[in-house]
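> From the sequence below, what's the structure:
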Amino acid sequence: MKLPPSLKDNPRALAVQILNRVDDEQAFAEPLLDSVLSAGHPPAEADRGLLTFLVYGTLRMRGLLDFLIDRFYRGKPATLEPGVRNILRVALYQVRFAGKIPAYAAVDEAVNTAKRLVPGRDKLVNAILRNALRGLAGIELPDPESDPAGHLCVVHSHPRWLVDRWIGCFGLEETSALCRANNEIPPLVLRVNTLKATRDEMLAGLAQSGLDVKASAWAPEGIVLAKPSASPRAMPEITEGALFIQDEASQLVSRLLAPREGERVLDLCAGAGGKTTHLAVLMANRGEIVAADLQQAKLAVLESTARRWGVSTVQTAVADATDPQQTAALGTFDRVLVDAPCSGLGTLRRNPEIRWHLTERKLAGMPPLQGRILENAAACVKPGGVLLYSTCSVMPEENDGVVAAFLEQHPDFSPARAEAHVPRGVIDGQGFFRTFPHRHGTDGFFGALLARR
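Okay, here's the model as predicted:
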């Protein structure tokens, strides 16, 4: 990320630049932040936490911040340039949610940033923010009684269409709790490489190093790290392959598949391999795992991770999971994992930008894609084998709907018992694996275990 020299050490200006790229490129904030924090001349240590706080906080509360900006801008909201709007968002986020930062300091920094990034708009930024400081206390929010959905989408900062959909699926009370949980800072959860150490051994070692750690509630290999540094990936335990950053719900997916030593397993949408390496560990590094993905770059990361973890049973294959010929060429397997591409609506705590990038049209395109992938994966399952369909979404159409349509067309598959492999508290009344941020303190995941007769 290229910045004028005078801005390199300014976390507020860096935050604006990152948010501009999130908007312009439909990018994720995490890799952009990582590139800044791991650069040759990163921000001073005291500013690293502030930068992360501003970027994620502004993304989470963007709906509320835009609601306020539109009331203090005297022009048409659509005419306000995105670069100016992000300067205003960062400043107002500090005023509303960063009690230790004086309001006048947030305004002064915003004006200085505007002078450098959007020359000629500094007076507009100053005027809007000064109006906001005088009028914030008098702003009326949508009434929770007459307009409950409008109230939720402003106060808890979610798109109106999504709030309406969730109210229809889960009811008002559950939707309110889910939206509130999505704005909480998620815990940093680590998965222990039990090929190298037990969880108890790792907990003891981390505590001895002065870190505040505890065992996770749901995942047997999970460790929760309180107060992580701004760049936790630099921890030696992670770089050396003893720990992996992975939410508890994601860890439970591999346990749900329950691979056994010596089996042949397919991870069809492997990505960078978080679940692949976990499967290898659960198999005690005995057997064969084929990790397939469309992107060679992701598979290169997977191979590097496997080497660090001491995993030797994984082989990678570039394959398009939507192409039946390419998936069939992979062969047949005892167990197949389909961690399908999805909306990601179960991960809004970690990826708040998803709520602003996703549209109803994009969401509607997910189930047909997921259905094609699941169809192709089924052909790779041996008779008597097991197929696991998983997403990091909470939307019924991406989860229950896809599975129901598949089972209707495939009488040779039937739901299998899942509670034998993961805690009963994450299995719903239909026998599916299902987690929510507000119920389980994890990301929102879904999993359907299907056995082939």
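
> just for this protein, where's the confidence low?
1-9, 40-43, 46, 230 (pLDDT under 70).

> Which strand or helix spans the nearest residue to Phe413 once chain neighbours are set aside?
Distances taken as C-beta to C-beta, 6 or more residues apart in numbering put Leu450 closest to Phe413, at 4.7 Å, once the chain neighbours are dropped. Every residue, glycine included, has its C-beta placed from N, CA and C. Using DSSP states H and E, Leu450 falls within strand 446-452.

> packing partners for that strand?
Under the contact definition 3 or more C-beta pairs under 8 Å, 6 or more residues apart in numbering; DSSP states H and E, strand 446-452 sits against helix 248-257, strand 381-391, helix 400-409, strand 413-415, strand 433-434.

> how about that strand as PDB, C-alpha atoms only?
Provided in PDB are the C-alpha atoms of strand 446-452 (Å, rounded to 0.1, in the frame of the first residue of the first chain):
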ATOM      1  CA  PHE A 446     -23.400 -25.400   9.300                       C
ATOM      2  CA  GLY A 447     -22.600 -29.000   8.600                       C
ATOM      3  CA  ALA A 448     -24.700 -31.900   7.200                       C
ATOM      4  CA  LEU A 449     -23.100 -35.400   7.500                       C
ATOM      5  CA  LEU A 450     -24.500 -37.700   4.700                       C
ATOM      6  CA  ALA A 451     -23.800 -41.400   4.400                       C
ATOM      7  CA  ARG A 452     -23.800 -43.300   1.100                       C
END
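
> can you pull the buried residues of that strand?
Phe446, Gly447, Ala448, Leu449, Leu450, Arg452 (16 or more other C-beta atoms under 10 Å).

> quick one on the thing from earlier: so which of the helices and strands packed on strand 446-452 gets nearest Thr313?
helix 248-257 (13.8 Å; C-beta to C-beta).

> what is the orientation angle of that closest one with strand 381-391?
Here helix 248-257 runs at an angle of 170 degrees relative to strand 381-391 (axes from the mean of the first three to the mean of the last three C-alpha atoms, to 10 degrees).

> How about residues contacting helix 248-257?
189, 191, 216-222, 265, 274-275, 278-279, 282, 335, 337, 339, 346, 386, 388, 390, 392, 418, 421-423, 426, 433, 435, 440-445, 447, 449 (C-beta atoms under 8 Å, 6 or more residues apart in numbering).

> Equivalent analysis for stretch 160-170, please.
148-150, 152-153, 174-175, 178-179, 345, 355, 358-360, 395-396.

> mind redoing it with 10 Å?
63, 148-154, 156, 158-159, 172-179, 343, 345, 348, 355, 358-360, 363, 394-397, 436, 438 (C-beta atoms under 10 Å, 6 or more residues apart in numbering).

> From Arg307, how far out is the spatially most central residue of the chain?
The centroid of the chain falls nearest to Thr347 when counting by C-alpha atoms, centre = their mean (3.8 Å). In this view, Thr347 and Arg307 are 27 Å apart by C-beta to C-beta, to the nearest Å.

> again with Leu257
Leu257 sits 23 Å away from Arg307, going by C-beta to C-beta.

> same thing with Arg121?
For Arg121, the distance to Arg307 - C-beta to C-beta - is 50 Å.

> which non-adjacent residue is nearest Cys269?
Going by C-beta to C-beta, 6+ apart, Cys269 has Asp339 as its nearest residue, at 5.1 Å.

> Contact partners for that neighbour?
So Asp339 contacts 250, 253-254, 257, 267-271, 274-276, 373, 388-392, 445, 447 (C-beta under 10 Å, 6+ apart).

> Tell me what it is bridged to.
Ser390 (DSSP bridges).

> which residues in this structure form strands?
Ranges of strands in the chain, per DSSP state E, are 188-192, 212-215, 222-226, 243-245, 264-267, 288-293, 314-318, 333-339, 381-391, 413-415, 433-434, 446-452.

> Quick one: residues in contact with stretch 114-132.
With C-beta under 10 Å, 6+ apart as the test, stretch 114-132 has contacts from 3-4, 6-7, 10, 13, 16-17, 20, 68-69, 71-75, 80-88, 91-92, 95-96, 103-104, 106-108, 110-113, 139.

> Please apply the same query to stretch 26-38.
Outside stretch 26-38, the residues touching it (C-beta under 10 Å, 6+ apart) are 1, 3, 8, 11, 14-15, 17-22, 25, 42-43, 48, 51-52, 55-56, 58-59, 229-231, 233-234, 344, 350-354, 356-357.

> Could you rerun that using 7 Å?
Residues from elsewhere that reach stretch 26-38 (C-beta atoms under 7 Å, 6 or more residues apart in numbering): 1, 14, 18, 21-22, 42, 48, 51-52, 55-56, 59, 230-231, 351, 353, 357.

> For it, list every residue counted as buried.
Those would be Phe28, Ala29, Leu32, Leu33, Val36, Leu37, for stretch 26-38 by 16+ other C-beta under 10 Å.

> measure the fifth one to Asn10 for me?
Distance from Val36 to Asn10, counting by C-beta to C-beta: 12 Å.

> Which residues lie in contact with Ala317 in this structure?
Val290, Ala292, Leu330 are the contacts of Ala317 under C-beta under 7 Å, 6+ apart.

> Got a quick ChimeraX command for the buried subset of those residues?
To isolate the buried members of those in ChimeraX, using 16+ other C-beta under 10 Å:
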select :290,292,330
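
> what's around the nearest residue to Lys362 once chain neighbours are set aside, how many residues?
Leaving aside its chain neighbours, Lys362 sits nearest to Ser343 (7.4 Å; criterion: C-beta to C-beta, 6+ apart). The number of residues packed near Ser343 is 23, by other C-beta atoms under 10 Å.
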